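Student: Pasting the sequence and the predicted coordinates here, then a few questions.
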Amino acid sequence: MMYAIVEIAGQQYKVKANQRIYTNRLEGETGNEVTFDKVLLVDNNGDVKIGAPTVDGASVKAKILAHLKDDTKIVFKKKKRKGYKKKNGHRQPLTQVEIQEIV
């Protein structure tokens, strides 16, 4: 099975063809095709190519499926014996991407 390690929006992901992943919010509309050129490693059934820092000529083609928000993360701050409490919530903006092919 062919897979690649690619850098998307500052984070590294191990991706395969027809896989769906969630990344940090990307530019582009729903349904657009995007290409990721920062491919760090490609494994084609045991034939491994490691980039220095990226693999020459390798890219990953993907399609943007949806823009959405992650589940709420609670941020709670408290100082004991001072009466200080603060509760905040945060929802990270995400993009759902389907990997089309590894070139």
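Tutor: Arrived safely.
Student: what's the pLDDT at the residue nearest to the spatial centre of the chain?
Tutor: Relative to the mean C-alpha position of the chain, the nearest C-alpha, by CA atoms, centre = their mean, is the one of residue 23, at 3.1 Å. Residue-level confidence at residue 23 comes out at 96, pLDDT.
Student: which SSE is it in?
Tutor: Of the helices and strands defined by DSSP states H and E, residue 23 is found in strand 20-24.
Student: and the next element down the chain from that strand?
Tutor: Next helix or strand after strand 20-24 toward the C-terminus (DSSP H and E): strand 33-36.
Student: List the buried residues of whatever helix or strand comes next after that following strand.
Tutor: Per DSSP H and E, the first helix or strand lying C-terminal to strand 33-36 is strand 39-44. Across strand 39-44, burial judged by 16 or more other CB atoms under 10 Å covers 39, 40, 41, 42, 43. C-beta coordinates here come from the backbone N, C-alpha and C atoms, glycine included.
Student: and residue 29, how many neighbours does it have?
Tutor: Applying other CB atoms under 10 Å, we find 7 residues neighbouring residue 29.
Student: How about it: what's its closest non-neighbour residue?
Tutor: Of all residues not flanking residue 29 in the chain, residue 64 sits nearest, at 7.1 Å (CB to CB, 6 or more residues apart in numbering).
Student: Just confirm the one you found contacts residue 97, I think it does.
Tutor: Yes. In terms of CB atoms under 8 Å, residue 64 counts as a neighbour of residue 97; the distance is 6.0 Å.
Student: which neighbours do the two share?
Tutor: Between them, residue 64 and residue 97 share the neighbouring residues 26, 34, with contact defined by CB atoms under 8 Å, 6 or more residues apart in numbering.
Student: When these two are compared, which one has more neighbours?
Tutor: Taking residue 64 and residue 97 together and counting by other CB under 10 Å, residue 97 has the greater number of neighbours (25 against 19).
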